[in-house]
Each structure stands twice: as C-alpha cells, then as structure tokens.
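Peer 1: Give me the fold of what follows.
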Amino acid sequence: MPNTNLKEFSGKEELKRFLLSTGTTPEGADILSKKGRLLLFEITGIDNRAANILKQDAISVSGDCAVPRRASTFERGTCTAVLIVNERNLQRLTEKLSTQPFGLKEISAKLRSVFEN
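Peer 2: Numbers count the residues shown, from 1 in each chain. Just a heads-up that it's a prediction; the model follows:
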C-alpha cells in the first residue's frame, strides 16, 4: 500500500528542489513550485464594487477573497478584502484586474509590486 506524507517547505526554491528529486522535469518543477505556497494580501480601503469584482476574478483563477457582505450588495463605501492566491494564480489574476474599473488597475500593479519586493 502507498504511503502518504504531509510535506512543508520554507519557500518556492526548496519545493522546486524536492520536486526535482522525485524525477519531475525542470519545466514541471518550475510550474508546480509556483503553486506550492499560499499568498495572503490584506487590501484596505478598497471600493466595495472593486472588492466584489476582485472576489469573482480571484475565484475564476482558483484563488479566493474574503470580503464583507456589503461588498456583495454593492453598498457605497470601502472595505477590507483578504486575497488568498498562490503565485501562479496571482500572475493570472493581476492580468485580469489590469482591465477592470474602480481602482483595480492600480491594485493589480500594487499586488505585483508587493509580491516582487
């Protein structure tokens, strides 16, 4: 019977080395290592309409986003959103957000900048 072990890694490079040690191709290890760590972004002062779109777009790339109920009802004002994605999802999400209204273009650029730094 096969064994199952829970593995934890301190970063993308450690995960990539592990994947290579299992016989995964370098190309596969590069792609998969971008999926192995969750990133959490707190986004404060986001327009409720933007938060609603952010949540929908995050889900569409296999991420998620916590928003208050008022964002889902398009109540006027701002809120705090918590975006949960992996690196690969983040790349796809920021591409989508770069074409959206309500300040999401700027949030897209900020997400990229925060992640890269």
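Peer 1: counting contacts, what elements does the lowest-mean-pLDDT helix or strand in the chain pack onto?
Peer 2: Lowest by mean pLDDT, DSSP states H and E among the helices and strands of the chain is helix 69-72, with a mean of 90. Packing partners of helix 69-72 (3 or more Cβ pairs under 8 Å, 6 or more residues apart in numbering; DSSP states H and E): helix 48-60, strand 78-86. The way it works is simple: take the backbone N, C-alpha and C, and place the C-beta from them, glycine included.
Peer 1: which residues does the spatially most central residue of the chain bridge with?
Peer 2: With distances taken as Cα atoms, centre = their mean, the residue of the chain nearest its centroid is residue 85 (2.3 Å). Note on residue 85: beta-bridge partners by DSSP bridges are residue 39.
Peer 1: That one contacts residue 57, doesn't it?
Peer 2: No: if you go by Cβ atoms under 8 Å, residue 85 and residue 57 don't touch, sitting 10.3 Å apart.
Peer 1: Between these two, which contacts overlap?
Peer 2: Common neighbours of residue 85 and residue 57 (criterion: Cβ atoms under 8 Å, 6 or more residues apart in numbering): residue 93.
Peer 1: Now do the same for residue 33: its pLDDT.
Peer 2: We note a pLDDT of 89 for residue 33 in this prediction.
Peer 1: what's the neighbour count on it?
Peer 2: 24 (other Cβ atoms under 10 Å).
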